[in-house]
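Enquirer: got a sequence here, can you model it:
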Amino acid sequence: MAPPTIDFLFMKKYFFVFSCFILLEYCFSVRASAQDMPDGMIDSIAPKKEFVSATFKGTRLVNFHTAETCGKRTLEFRIAHRFGDLSSGGYNFYGLDGPASLQLELGYSYNGRLEFGASRTSADKMYSAYLKYKLMRQTTDNKSPLTITLLGQANLTGLKSTSTSAPEYHFFSDRFNYVSQIMIARKLSDAFSIQVAPTWVHYNLVTAVTDDNDIFSVIGMGRIKVSKRTALTGEYCYRINTYSQDFSTYHNSVAIGMDLETGGHVFQFFFTNSFGINEAQTIPYTRGDITNLDLKLGFNISRVFFL
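Expert: Predicted coordinates for the structure are as follows:
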């Protein structure tokens, strides 16, 4: 295994970061223009803001985060599971015999806007911690037309270096990778919501000297409500840069599914070509080729507790 390298595409990296900052600057300038007005004038001119709710029903759609955060003083426990490939055939019961991946996650928010959480994923024995902040909220009068949420996540790979699927970790820092994301969402109607999320994944250790440490992608997702408690969902991740010499062996992550709401639970059933569940696995290292029916049946179950 090669040590970390900085031979990545500087122009792409800084263009991506610069674009993100331009977007954030616009958001803050809109807020500042309102904050500069006297309180009495604001109260007399504009009624109290009403925010759009339930753009998405869960904090994740399938593999990726949505712009939603946990509610005020709410703890969310989430179980995510992926079976094996449908293409493995009847002998393997079309993937239900495994191999399978599992993620357990806890998320908590005190004020309904700042959420922090931690998870453990069986694939790569990965431990994660994240912060998620709802920077802007869509209003019913469309004066604030979008919901914008920021995500920062740190991941630690727990695989032993002696594992055949693990690189040789010379330093503890080699085991870390990071995910940064800006989620831009809009609820177009009571039944239809969409989201676009520029995403940056950074690995401290790469497989080959010629590989990039940084992976850039854009994730799109949507939700269509078909009944009071049922919705159809879909998501797609497009990888922007050719980050690895094995780039062609990996594929863009895709998923289609259904949300079922039952009180404090949300059940999500879907098919996806991704075996990993963490973004640092799903975005760069999805091997499933949908043209060969390399799809996996999966489900997410979440339960919220009010504290």
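Enquirer: so what's Ser119 up against?
Expert: 78, 103-106, 127-128, 130, 278 (Cβ atoms under 8 Å, 6 or more residues apart in numbering). Quick note: C-beta positions are derived from backbone N, CA and C, even for glycine.
Enquirer: among those, which ones are buried?
Expert: 78, 103, 105, 127-128, 130, 278 (16 or more other Cβ atoms under 10 Å).
Enquirer: test my guess that Ser253 contacts Pro284.
Expert: No - counting by Cβ atoms under 8 Å, Ser253 does not reach Pro284; the two are 9.6 Å apart.
Enquirer: who has more neighbours, those two?
Expert: Ser253 (27 against 22; other Cβ atoms under 10 Å).
Enquirer: any idea how far Gly288 is from that one?
Expert: 8 Å (Cβ to Cβ, to the nearest Å).
Enquirer: where do the contact lists of those two overlap?
Expert: 272-274.
Enquirer: out of the residues you listed, which is most surrounded?
Expert: Ranked by neighbour count (other Cβ under 10 Å), these have Ser274 at the top, with 29 neighbours.
Enquirer: which SS class is it?
Expert: coil (DSSP: H, G, I helix; E, B strand; the rest coil).
Enquirer: contact partners for it?
Expert: Contacts of Ser274 by Cβ under 8 Å, 6+ apart are 63, 82, 253, 255, 281-282, 286, 288, 296.
Enquirer: mind running it again at 6 Å?
Expert: 63, 253, 282, 286 (Cβ atoms under 6 Å, 6 or more residues apart in numbering).
Enquirer: ok, so of those, who is nearest Lys49?
Expert: Nearest to Lys49 out of the contacts of Ser274 is Asn63 (Cβ to Cβ; 32.3 Å).
Enquirer: near the closest one, how many other residues are there?
Expert: 28.
Enquirer: got it, and Phe64?
Expert: Counted with other Cβ under 10 Å, Phe64 comes out at 25.
Enquirer: any chance of the backbone angles for it?
Expert: Here is the backbone geometry of Phe64 (degrees, to the nearest 10): phi -120, psi 160.
Enquirer: might one say that it is in contact with Gly220?
Expert: No - the pair Phe64 / Gly220 is not scored as a contact, 9.8 Å apart, by Cβ atoms under 6 Å.
Enquirer: quick one: residues in contact with stretch 83-103.
Expert: 80-82, 119, 121-123, 275, 277, 292-297.
Enquirer: and that stretch, what's buried?
Expert: Residues 83-86, 88, 92, 94-95, 100-101, 103 are the ones in stretch 83-103 that count as buried (16+ other Cβ under 10 Å).
Enquirer: cool, and stretch 260-280?
Expert: Within stretch 260-280, judged by 16+ other Cβ under 10 Å, the buried ones are 261, 266, 268, 270-280.
Enquirer: extract the C-alpha set from that stretch and format it as CSV.
Expert: Taking Å, rounded to 0.1, in the frame of the first residue of the first chain, the C-alpha atoms of stretch 260-280 are listed here in CSV:
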residue,chain,number,x,y,z
LEU,A,260,-44.0,3.1,5.0
GLU,A,261,-44.9,5.2,8.1
THR,A,262,-46.4,3.7,11.2
GLY,A,263,-46.5,6.1,14.1
GLY,A,264,-43.0,6.6,15.5
HIS,A,265,-41.5,4.1,13.0
VAL,A,266,-40.4,4.6,9.4
PHE,A,267,-39.8,1.4,7.4
GLN,A,268,-37.9,1.8,4.2
PHE,A,269,-37.7,-1.1,1.7
PHE,A,270,-35.6,-0.8,-1.5
PHE,A,271,-33.3,-2.3,-4.1
THR,A,272,-29.8,-0.9,-4.4
ASN,A,273,-26.5,-1.8,-6.1
SER,A,274,-24.5,-0.7,-3.1
PHE,A,275,-23.3,-3.2,-0.5
GLY,A,276,-21.7,-0.6,1.8
ILE,A,277,-23.9,1.7,3.8
ASN,A,278,-21.6,4.5,4.9
GLU,A,279,-21.1,7.3,2.3
ALA,A,280,-17.4,6.7,2.3
